[in-house]
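Q: Take a look and give me a structure for this.
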Amino acid sequence: MAEVTLEVSRRERSGKEIAKKLRAGGKVPAVVYGGHKESVAIEVDRKSVSELIQKSEHGVRSIFLLKMSGTDQQRHAMIKDIQIDPISRRMTHIDFVRVVMDEVVRVTIPVHVTGTAIGVKEGGLLDWQVRDLHVECLPGSIPDTIDVDVTALNAHDYLRVSDLKLPEGVKVLDDPERVVVGVTFARAEVAEATAEGVVAPATAEPEVIKKGKTEDEK
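A: Presented below is the predicted three-dimensional model:
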């Protein structure tokens, strides 16, 4: 994974009013932590970091080389969390976590399904159950996606985590028996049962739990 260089400045003062003034001036308050060192409060240019995220091949999962303005200090880091204003949709705070290029990191990688399953061509439905996987690898080996080829799947065939072909040096941390994707005729069978007067049992909507910080400053 190629690194992205971002110039940052040390933030000497903190607090809601200071953060408000920074944002008004086009800056985003941020913090760098981890790596067995103390946290450092910094500020970054909103436009610069937004453009880097958009233009980078890896987006928010990029490895950033943070260069401290006016010094020769620099440090590799990844974005751990970004807080977004719900109204303006602008970044209000960024958490960077230090990374050491020869030490493994844990990240979440999206699953990318390729091909058209045989079972789907025969009228089945693709049952895509897992959209992201938790992996462990060196920072330079972080893949863009975990590719899953479903071409050979027939009806009622499933691929589990243990069946996936992973890039060299990448280890999945999820349960090996967890089903990632498969082919099912479940909806078609339900439709037939309903047509014959058999009422299918209701299914509850899954609860989505979103985690995020609500604090304005670290």
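Q: Tell me how far the helix or strand harbouring residue 81 lies from the chain's centre.
A: Assigned by DSSP states H and E, residue 81 belongs to strand 74-84. Centroid separation between strand 74-84 and its chain, computed with CA atoms, centre = their mean, to the nearest Å, is 12 Å.
Q: what packs against that strand?
A: Under the contact criterion of 3 or more CB pairs under 8 Å, 6 or more residues apart in numbering; DSSP states H and E, strand 74-84 touches strand 63-68, strand 91-98. From N, CA and C alone the C-beta is placed, and that goes for glycine too.
Q: now with 10 Å?
A: Where contact means 3 or more CB pairs under 10 Å, 6 or more residues apart in numbering; DSSP states H and E, strand 74-84 is packed against strand 3-10, strand 27-34, helix 46-55, strand 63-68, strand 91-98.
Q: Okay, strands next: where are they in this structure?
A: With DSSP state E as the definition, the chain shows strands at residue ranges 3-10, 27-34, 37-45, 63-68, 74-84, 91-98, 105-114, 125-128, 132-137, 146-149, 158-160, 171-172, 179-184.
Q: what's the closest of those to residue 21?
A: Nearest to residue 21 among the strands of the chain is strand 27-34; the distance by CB to CB comes to 8.6 Å.
Q: Partner strands of the closest one, with direction?
A: strand 37-45 (antiparallel), strand 91-98 (parallel) (DSSP bridges).
Q: and residue 13, which of the ones you listed is closest to it?
A: Closest approach to residue 13 among the strands paired with strand 27-34 (CB to CB): strand 37-45, 8.6 Å.
Q: Which parts of the chain belong to which domain?
A: Under automatic domain parsing, the residue ranges defining each domain of the chain are 3-98, 105-195.
Q: picking up where we left off before, and the strand holding residue 81, what's buried?
A: Buried residues in strand 74-84, defined by neighbour count with 16 or more other CB atoms under 10 Å: 75, 76, 77, 78, 79, 82, 83.
Q: which stretch among the strands of the chain comes nearest residue 17?
A: Judged by CB to CB, the one of the strands of the chain that comes nearest to residue 17 is strand 27-34, at 11.6 Å.
Q: by how many degrees do that closest one and strand 63-68 diverge?
A: Strand 27-34 runs at 110 degrees relative to strand 63-68, counting by axes from the mean of the first three to the mean of the last three CA atoms, to 10 degrees.
Q: gap between strand 27-34 and the chain center?
A: The mean C-alpha position of strand 27-34 is separated from the chain mean by 19 Å, CA atoms, centre = their mean.
Q: and what of stretch 116-128?
A: Distance of stretch 116-128 from the chain centroid (CA atoms, centre = their mean) equals 27 Å.
Q: Grab the CA positions of that stretch and hand them over as PDB.
A: C-alpha atoms of stretch 116-128 as PDB (Å, rounded to 0.1, in the frame of the first residue of the first chain):
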ATOM      1  CA  THR A 116     -22.100 -14.900 -11.600                       C
ATOM      2  CA  ALA A 117     -23.000 -18.100  -9.700                       C
ATOM      3  CA  ILE A 118     -24.300 -21.100 -11.600                       C
ATOM      4  CA  GLY A 119     -27.200 -21.300  -9.100                       C
ATOM      5  CA  VAL A 120     -28.100 -17.700  -9.800                       C
ATOM      6  CA  LYS A 121     -28.300 -18.300 -13.500                       C
ATOM      7  CA  GLU A 122     -30.700 -21.200 -12.700                       C
ATOM      8  CA  GLY A 123     -33.000 -18.800 -10.800                       C
ATOM      9  CA  GLY A 124     -31.500 -18.700  -7.400                       C
ATOM     10  CA  LEU A 125     -30.600 -15.700  -5.300                       C
ATOM     11  CA  LEU A 126     -27.200 -14.600  -4.100                       C
ATOM     12  CA  ASP A 127     -27.100 -14.700  -0.300                       C
ATOM     13  CA  TRP A 128     -24.300 -12.300   0.500                       C
END
